[in-house]
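# Would you be able to build a 3D model of this:
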Amino acid sequence: MLQMDYSHYYWQDEAIRLRAIAPEDWESCYASAFDTPARQMLECAIELPPTLSSARRFAEENADFLSSNRRIMFTIESLNEDIIGGVNLNSMDERNGTFSIGIVIDQPHRGKGFGTRAVHMLLKYAFFERRLHKFNDYVLEGNEASAAMLRKVGCVQEGVRRQVFYLNGKYHDSILFGLTKDEYIDQLRGLPVQDSTFPPIT
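So this is what the prediction gives:
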């Protein structure tokens with residue numbers, strides 16, 4: 001195969017690259033499904049045991065940006081082409097300019113800033129290429145790592161939806177975060193993120 005020159009490639013930085021999901025990514029999808037604590041934080045539920053066929057189907061249905069659910073799905077890989085996780089742009093409302101981002105980082109690669117880098121790439125794409133205006137997201141109560149990452153990219157905690165997820169025999173809150181394009185531009189200019197009206201998750 002032709003050797004690619006990535007030196008001017010939009011979808012990468014100094015550490016990671018985003019690419020289309022490929023059918024052969026199913027093995028990574030399958031392996032990550034066994035990380036129950038991470039899946040709970042992502043799906044806010046206990047899933048049934050993973051299957052080879054469902055992992056293959058997920059990779060095939062979302063390969064090459066052909067997802068039928070209007071999500072733009074990416075595989076995150078290192079510059080050495082090792083798979084790190086996945087990220088997607090979803091819930092795009094062109095009329096109101098809102099969107100969300102879903103992300104999962106595989107266990108060996110967490111805590112190294114790869115998720116933050118991937119989210120920054122999608123925020124820049126959504127704000128400056130798709131002309132979207134407001135990033136909305138939420139995390140499950142207790143998901144400190146994701147909450148910290150959202151604050152790191154500039155999000156403000158906007159509120160709490162109480163007791164909306166049932167997990168492990170009890171109800172859990174949904175912690176709401178948001179970021180406007182103007183706030184993101186201010187952050188890129190080095191201006192401080194505005195203080196949240198709501199206290200941090202404790």
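# C-alpha from now on. contacts and neighbour counts both.
OK.
# So in the chain, which helix runs the longest?
Across the chain, the helix with the greatest residue count (assigned by DSSP state H) is helix 114-128.
# what helices or strands is that one leaning on?
Where contact means 3 or more C-alpha pairs under 8 Å, 6 or more residues apart in numbering; DSSP states H and E, helix 114-128 is packed against strand 16-20, strand 83-93, strand 98-105, helix 144-152.
# What distance do you get for Leu66 to Leu140?
The spacing between Leu66 and Leu140, counted by C-alpha to C-alpha, to the nearest Å, is 29 Å.
# if we can go back for a sec, please state the mean pLDDT value computed over the longest helix of the chain.
Average pLDDT, helix 114-128: 97.
# Next secondary structure after that helix?
Sequence-wise, the next helix or strand downstream of helix 114-128 (DSSP states H and E) is strand 134-140.
# any idea how far that following strand is from the chain center?
For strand 134-140, the separation from the chain centroid amounts to 10 Å (computed by C-alpha atoms, centre = their mean, to the nearest Å).
# partners of it, with directions?
strand 98-105 (parallel), strand 170-180 (antiparallel) (DSSP bridges).
# angle of that strand against strand 83-93?
Computed by axes from the mean of the first three to the mean of the last three C-alpha atoms, to 10 degrees, the angle separating strand 134-140 from strand 83-93 equals 120 degrees.
# Identify the residues contacting strand 134-140?
The list of residues contacting strand 134-140 from outside it, by C-alpha atoms under 8 Å, 6 or more residues apart in numbering, reads 41-42, 44, 97-101, 123, 146-147, 165, 172-181.
# Of all residues in the protein, which one is nearest the centre?
In the chain, the centroid-proximal residue (C-alpha atoms, centre = their mean) is Ile103; its distance is 2.4 Å.
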